[in-house]
Each structure stands twice: as structure tokens, then as C-alpha cells.
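> predicted structure and sequence below. I'll ask about it afterward.
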Amino acid sequence: MPLLLENLKGVGPATLAKLSKLGITDINGLLNFLPKAYVDLKSPGSLDGVSLGDFVFLKATVKGVPHVKRIKRLTVLTFDAECVGKRLKVIYFNQPYFSNKLADGVEYCFLGKATIVGGTVELINPVFECADALKRLKGVYTVYPLRGILGQSVFKGIMLEAVKVYDGGLADDALSMVGLPKLKESYALAHFPNTVDEVEAAHRGLAVRATAGFITAFRLSKGEAEGRAFFYNFLDDMRGKFIAASGFTLTPSQEAAIDDIVRDLSGDTYMNRILAGDVGSGKTVIAFFAAYAAAVAGGQAALMAPTEILARQHYAKAYPLFKQFGFETALLTASQSASERRLTLALLRSGAVDFAVGTHALFQEDVEFKSLALAIADEQHRFGVAEKRALEGKGGAVDTLVLSATPIPRALTLILYDDLGLSKLEARLSRSDVTTRIVPDSKLDGMFKFIADGARCGAQAFIVCPRISDSEGMDLYSAETLYKEAKSGVFKGINVGLLHGRMSAQEKAEIMESFACGEIKVLVATTVVEVGIDVKGATSIAVLNAERFGLASLHQLRGRVGRGGGEAFCFLHTKNPSAETLARLQVLKNNNDGFTIAELDFDLRGGGDFLGLNQSGDGDTGRYSVCITREIVSVAKVAADKLMNDKAALKLFIASAEYAGYADRMKKISIS
């Protein structure tokens with residue numbers, strides 16, 4: 001019988017309700033509620049970089065005699081202290097007796113939660129001890145994200161009881177048989193560490209343990225996966241005929257990618273492949289070949305693009321190509337008239353359309369295919385998992401091909417876990433590398449002047465904003481406001497255009513035509529320009545509030561410039577130059593290869609929810625402060641291999657409640 005929270009010492013009805021508010025409803029949830037921070041009490045810090053709400057451990061010298069004053073029934077003890085040359089203010093409420101324990105000129109260690117008033121760091125009711133006689137302030141202090149619902153000490157008491165009584169179960173026994181640490185040991189070190197090294201070891205052990213369980217469960221589910229529902233017929237000459245009709249000469253990497261697709265589509269289970277390659281590597285012709293193969297076999301294919309501009313570009317290329325072979329191509333977008341949409345939907349239902357190209361409109365509820373065999377998602381990072389799943393759901397056991405210049409972390413996770421096949425294309429375009437610069441607020445005016453000077457000399461530029469219009473409470477640049485200000489500011493006298501998703505298809509087409517022919521010199525836009533835009537004269541792109549964009553989007557935006565050769569620049573502006581933000585942006589600054597960027601992004605952010613809906617972040621393993629890096633996945637795969645080959649251990653794992661939970665989730669898994 002599983003241990004219940006209410007059976008833990010110190011957990012009554014009131015505490016149980018408070019734990020529920022924190023999202024904790026069982027023992028596993030409690031143990032996986034890891035600290036949000038660890039304070040190393042061996043190394044006092046400084047006041048540099050301290051933010052509101054941080055728990056800090058400081059060594060400071062009391063300056064002056066602590067002053068006590070009374071406000072009605074409240075006593076307030078205050079004094080100043082000096083910490084590495086900076087002022088610290090300390091306040092104690094209803095503890096006047098501390099005035100006898102704190103002496104002017106003596107150095108103490110303080111542990112507490114920081115507030116900031118008028119630029120001065122303040123500690124309220126911190127724990128303190130004389131710096132040269134520490135007894136309590138040793139080891140590592142854990143800080144939980146309790147939001148004031150429970151006190152830190154009360155919560156730690158409950159956690160200690162949970163660690164004492166926890167039994168990892170059959171899955172834990174199984175994975176320990178192949179060399180992984182017991183969960184009980186890892187939880188004990190994660191919640192009650194003595195050193196920072198113990199924290200790192202515990203979190204890494206928990207991450208490897210969870211990842212190994214995921215991999216094993218998924219491999220077992222793949223063995224029971226639904227077989228192929230649609231069968232292809234690859235004739236000897238069909239590849240040659242199609243490529244000849246397309247007018248392309250394939251590179252070796254493109255030939256290899258077609259080999260991969262033919263092998264997948266000829267196999268016993270459905271295809272689940274990502275086609276990775278930077279702009280100009282030739283992903284589209286490979287996707288068209290896969291769609292052609294589906295049409296030859298009597299099925300239908302659908303290609304989903306993130307913007308109408310890109311969808312129309314694909315349609316314009318696909319229609320005449322497929323027409324040569326007697327196949328019909330249709331376009332489905334949100335801007336079509338009701339009569340156009342009704343006709344297209346009828347053709348899809350009847351099977352008269354072999355290849356459907358469109359936007360999000362493809363997966364709406366009223367869209368039905370007669371025999372959807374292949375789903376293609378272009379610029380994969382622009383779609384949510386649920387959206388891709390909705391398109392796949394239009395058919396049974398649909399083969400899936402996703403295209404991306406920068407695979408999102410979740411896709412990289414699937415590649416590393418051996419579920420998502422990878423075909424990587426080498427770039428074929430001759431184009432310049434783009435110089436990337438990180439621009440803080442203090443240098444924003446200089447960046448705008450650089451772009452304006454270039455525009456006056458005939459160069460073109462994009463300025464990308466995270467929002468269309470201003471939003472109260474959000475300190476972000478908006479395209480509409482910047483466009484209005486730009487025309488009367490540094491860009492006065494320069495033809496500036498505006499482009500965003502709320503414009504009609506006709507308005508967007510007219511703006512893009514003006515920009516493409518060089519009439520518009522500076523285009524202020526949102527991420528509607530991220531894909532499907534090819535303007536040879538564009539040599540600069542500035543992304544404002546770049547910290548708000550994913551690396552995949554930033555890499556795609558950078559790909560809008562330098563397409564005509566010559567020197568090109570990408571400016572990444574940030575109002576939040578935190579260490580985390582700068583680390584992410586440095587990845588873009590130092591790398592031009594999309595797949596390398598995806599790998600580094602994976603290491604920074606984790607891989608997403610492998611069995612669920614999250615595109616990035618640590619997913620189910622996000623409860624651990626350590627990211628699920630490539631190295632952790634590699635170690636977990638070795639453990640999973642051992643488990644799959646150890647009959648006794650595997651039998652225990654399959655019989656466990658943990659595996660039963662995984663199996664239930666497998667029924668809902670998305671494959672892209």
C-alpha cells in the first residue's frame with residue numbers, strides 16, 4: 001500500500017491543504033519538489049548582483065550600536081553593517097534582545113532573504129553567528145519555492161520524514177541492478193546536502209535515473225508500436241524522373257536524405273524523421289519528393305508552413321511540379337474566402353487533391369482527408385506539439401517529416417533517444433557569414449544610427465520587435481510604436497515599412513514587394529519575416545528584446561540577411577543582460593551552424609517533455625536543477641541498454657508502478 005502524505009509526521013489536514021496549494025499531492029511529488037536554490041555556507045558572498053528575494057549568506061561588520069525602537073506593540077531593531085566595502089542594513093522585528101548579542105565593529109555571518117530599498121540591500125530577521133565561531137551556519141542551506149504558504153523550517157521537517165520512509169519500489173530496484181544509485185540516496189543528498197558537490201551528484205543521479213527510465217519505457221513501447229498503415233511503391237525510375245522534373249542537381253547529403261526517407265517508408269513502422277539543414281540546403285525538394293512518393297502510392301500528403309507567405313511560396317513551386325505527373329496540389333490558408341475554402345475541403349475529402357499545402361488552417365476540425373499518408377511540418381520550431389499532433393491525427397499512423405534549420409530541444413531529445421531519425425543537409429548556397437553583435441540598451445542609439453547610415457547608402461535592414469502593439473505592464477518594443485517613432489527620429493527621410501501578422505494577405509504582399517524591389521529601406525516587423533523572405537539587398541537585422549525569442553527563431557531571423565553576399569550584420573538587443581541571457585545569446589554570436597546551435601541550446605535549456613507537450617525546458621526532469629544534457633542522455637542510454645539486456649532487472653521494471661505510468665503516457669505521445 002503506497003505511503004500517503006497524511007501518514008507523515010507533522011502533516012495534518014491544514015498542512016495537507018497547504019501542500020496541495022504547492023501542487024504536492026503525494027510522496028513522489030513531495031520528494032521531487034527540490035530546492036530552488038542552495039546557499040553554500042562555506043563561502044560568504046558579496047552584495048554584488050543581489051536581487052530582490054535572493055537568499056544570501058554574507059560576512060559583514062556591524063557599524064554603530066544597534067538601535068531599538070517601539071511602534072505600539074512592535075519592537076524594531078536596526079543597524080548598518082559593512083560587507084566588502086558596501087552598506088548592508090539589518091532589521092529584526094520583536095527580537096530586541098539581539099541588541100546585547102551584536103557589537104559594534106564585530107564581524108558576523110548573516111543568512112537571510114534580501115530586500116532592496118532605495119538601492120540598499122536589507123536583511124529582515126536573518127540568522128546570524130559570530131564569524132569566527134560558526135556552529136549552526138555550516139554546510140549547505142536549502143531554499144524551497146514555498147511562496148509563503150509554508151515556512152522553510154516546517155517544510156524541511158516534513159521532507160526529512162518523507163526521505164526516512166521512502167521506498168523507491170520495483171523500478172528503483174531494477175535500475176539499481178544496472179549500476180544507478182537508489183532514489184532514496186539521491187533524494188537524501190538533494191534535500192539535505194553537506195557540500196555543493198553532493199548537490200551536483202544528487203541532481204545528476206536523479207536526472208540520469210529519470211532519463212534511463214524514460215528511454216527504457218519508450219523502447220519497450222516501440223516494440224509494441226502500431227505497424228505501417230500505408231504502403232509505398234518505389235519504382236526504379238521514380239526518383240530520377242522527379243529530380244529531373246524539379247530542375248535540381250542533388251548534393252550528396254540530399255541524395256543521402258532521400259535514401260533515408262525511402263528506407264523509412266519501405267519499413268514496417270511509420271516514418272518519424274527530421275530533415276535538418278540551414279537556409280538554402282535544399283530541404284524543400286526533399287520534402288516534395290516524400291510527398292510525391294505518397295501520391296504515387298495513392299495516398300495524400302500535407303505540408304504545414306508557419307506563415308501564409310511561406311505556404312504560398314511552397315504552393316507556387318509544388319503546383320507546376322506535381323502537375324507534370326498528373327497530381328493535384330491545393331492551398332489552404334485562413335485568408336481564403338468561404339467559397340474557396342469549401343471547395344478545397346471537398347476536394348481533400350474526396351481524394352481529388354494529392355498534396356495539400358497550407359498553414360495552421362490544415363489541422364482545423366473541419367478539415368478531412370480521404371487518405372492522409374504523410375504529414376510534413378516546415379520550420380518545425382514554429383509549431384506547438386499539439387498543433388503537429390492535430391495534423392498527424394488527420395490520418396492513421398501517418399508518416400511524419402519535419403524540416404528545420406535549428407531543431408528545437410525537444411526534437412533533439414528524440415534524436416538522442418533514438419526515436420526521431422535525423423537527416424542532415426549541408427549548405428549549398430554561397431553566402432557570407434553574418435557578424436553577430438549583442439547590444440545592451442546603452443548602445444541601442446548607436447545601433448539605430450548604424451542601420452540608418454547604411455540605409456542612406458542604399459543598404460536594407462530588418463528591425464524585428466517581439467510585439468505588434470504596446471501592452472500595459474510589459475516593457476517590450478512593439479512594431480507599431482517603433483514604426484511611428486522611427487519615421488520622425490533617426491530614420492527621418494528614409495522609407496520605413498511596417499509588417500506584422502494582423503495585416504491582410506494583400507497588405508503583406510504589397511509591403512514585401514516594396515521591400516524586395518528596394519523601395520523600402522528599413523522594414524519594422526514581427527517574426528512574420530522569420531521564414532520565407534528572400535531579399536538580396538538586406539544586409540542588417542536588429543532583433544529587439546532578443547531575450548524573448550528562442551534560439552531557433554533568432555537563427556532563422558539572422559538567416560534573412562547576407563543572402564546576396566558581402567558583409568552582413570545581426571544585432572541582438574537585450575534589456576536583460578543577465579548571465580543566463582548572455583550565455584544564450586553568446587551561442588548565436590559564436591555559431592553559424594543551426595544544428596550546433598540546437599545542441600548548445602539543448603545543453604542550456606534541457607530537452608523538453610519527452611513524453612508530453614513541452615517544446616523546451618527540462619520537461620518531466622525539469623524538477624531537477626541540472627539540465628538534461630547530451631552527456632546525461634549518453635549515460636542514461638548505457639543504463640537503459642543494460643536494463644534491456646538484463647532479464648531479471650527488466651522483469652522488475654515492467655512490473656513497477658513507474659512503468660505503468662510511462663505506458664499510460666505512451667498512448668498520448670507525439671512524434672515530432
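Here it is on my side, so go on.

> in stretch 98-114, what's buried?
Residues 99, 102, 108-114 are the ones in stretch 98-114 that count as buried (16 or more other Cβ atoms under 10 Å). C-beta: built from backbone N, CA, C; applies to glycine.

> my bad, stretch 205-223
So stretch 205-223, judged by 16+ other Cβ under 10 Å, has buried residues 205-221.

> same check, this time on stretch 245-261
Buried residues in stretch 245-261 (16+ other Cβ under 10 Å): 246, 248, 250-251, 253-254, 257-258, 260-261.

> could you dump these to a markdown table with pLDDT and distance to Phe79?
Listed next are the buried residues of stretch 245-261 as a markdown table, based on pLDDT from 0 to 100; distance: Cβ to Cβ, whole Å:
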| residue | pLDDT | distance to Phe79 |
| --- | --- | --- |
| Ser246 | 91 | 79 |
| Phe248 | 86 | 77 |
| Leu250 | 89 | 76 |
| Thr251 | 89 | 72 |
| Ser253 | 91 | 69 |
| Gln254 | 92 | 72 |
| Ala257 | 93 | 70 |
| Ile258 | 94 | 75 |
| Asp260 | 93 | 70 |
| Ile261 | 94 | 72 |
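
> among the buried residues of stretch 98-114, which are located in helices?
Using DSSP state H, the subset of the buried residues of stretch 98-114 located in helices is empty.

> sort out for me which of those residues are in strands.
108-114 (DSSP state E).

> ok, which stretches of the stretch 301-450 of the chain are helices?
308-323, 338-350, 385-392, 409-416, 444-456 (DSSP state H, counting those that start in this stretch).

> what's the average pLDDT for the fourth one?
Put plainly, it is helix 409-416. Taken as a whole, helix 409-416 carries a mean pLDDT of 51.

> ok, back up a step: between the helices of the stretch 301-450 of the chain, which gets nearest to Ala302?
For Ala302, the closest of the helices of the stretch 301-450 of the chain is helix 385-392, at 6.4 Å, according to Cβ to Cβ.

> quick one: mean pLDDT over that closest one.
52.

> packing partners for the biggest helix by length in the chain?
Determined from DSSP H, the single longest helix within the chain is helix 196-223. With contacts defined as 3 or more Cβ pairs under 8 Å, 6 or more residues apart in numbering; DSSP states H and E, helix 196-223 has these neighbours: strand 37-40, strand 140-143, helix 169-176, helix 183-191, helix 630-645, helix 647-654, helix 657-666.

> C-terminal to it, what's the next element?
Using DSSP states H and E, the next helix or strand after helix 196-223 towards the C-terminus is helix 238-246.

> packing partners of that following helix?
helix 283-296.

> again, 10 Å this time
helix 252-265, helix 283-296, helix 308-323 (3 or more Cβ pairs under 10 Å, 6 or more residues apart in numbering; DSSP states H and E).

> buried stuff in that helix?
238-239, 242-243, 246.

> buried residues in the longest strand along the chain?
For the chain, the longest strand by residue count, based on DSSP E, is strand 55-71. For strand 55-71, a neighbour-count test (16+ other Cβ under 10 Å) marks 55-60, 62, 66, 68 as buried.

> for stretch 571-589, same thing?
In stretch 571-589, counting by 16+ other Cβ under 10 Å, buried: 571-575, 581-582, 584-585, 587-588.

> how about stretch 83-96?
83, 88-92.

> how about those residues in a markdown table, adding distance to Lys9 and secondary structure?
Below are these laid out as a markdown table (distance: Cβ to Cβ, whole Å; DSSP: H, G, I helix; E, B strand; the rest coil):
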| residue | distance to Lys9 | secondary structure |
| --- | --- | --- |
| Cys83 | 39 | strand |
| Leu88 | 38 | strand |
| Lys89 | 39 | strand |
| Val90 | 35 | strand |
| Ile91 | 34 | strand |
| Tyr92 | 31 | strand |
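
> closest to Phe653 out of those?
Cys83 (51.7 Å).

> in the sheet, who's paired with that closest one?
Beta-bridge partners of Cys83, counted by DSSP bridges, are Lys86.

> for the stretch 351-500 of the chain, what spans make up the strands?
355-358, 372-377, 399-404, 421-424, 435-440, 460-464, 496-499 (DSSP state E, counting those that start in this stretch).

> and Ser186, how close does it get to Ser176?
11 Å (Cβ to Cβ, to the nearest Å).
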